[in-house]
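S.K.: here's my sequence, what's the structure:
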Amino acid sequence: MDNNLEETANRFLRLSRRLRRLGSEDSQLETEITSPSHLALIEYAGSNPNCGVQEIAEALGLSTPTVSISVRQLEKSGLMTRKPDPTDGRAVQLSLTVKGKEIQENVRSFHCQKFQKLLSGLDPEERENLVRLLEKALDAAEKES
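M.R.: Sure, this is the predicted structure:
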């Protein structure tokens, strides 16, 4: 890796840590969820109603057993339900309960507020350039994967 790329990657890493902390002092986000993977499952299931365990595992890059365990924990917490898949007797469809949907919305709102706080220091053209460059970098990185 050339020095400039390595230095830039390290700067980006420091920025991502700062971004994770941004807004956390103002957070009214109170949930029983302590695991980032549980939040990822809630977000995915909320955005993809009636998805299955295998689908979530593939989308999030997790193992099927890991997702199954997390789903059981989320069910026990009253945040997710499962029902038999009408097209495959061996599979289940997952969906969020009302409580799970509330958590998903609270998390989404928190993240939106965080990004609004981040972007408010830029003018509209700078915001557009930042988002466009991030999209370009992500597109290139995803093609390499």
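S.K.: so how far is the top strand by length along the chain from its chain's centroid?
M.R.: Counting by DSSP state E, the longest strand found in the chain is strand 88-96. Offset of strand 88-96 from its chain centre (Cα atoms, centre = their mean, to the nearest Å): 21 Å.
S.K.: after the strand or helix carrying Arg11, next one along is what?
M.R.: Arg11 belongs to helix 3-21 when elements are defined using DSSP states H and E. For helix 3-21, the succeeding helix or strand toward the C-terminus, using DSSP H and E, is helix 36-47.
S.K.: what's that following helix packed up against?
M.R.: helix 53-60, helix 64-76, strand 80-85, strand 88-96, helix 98-119 (3 or more Cβ pairs under 8 Å, 6 or more residues apart in numbering; DSSP states H and E). Glycine gets a C-beta too; all of them are placed from N, C-alpha and C.
S.K.: okay, now the unreliable bits of this protein?
M.R.: 1-2, 24-34 (pLDDT under 70).
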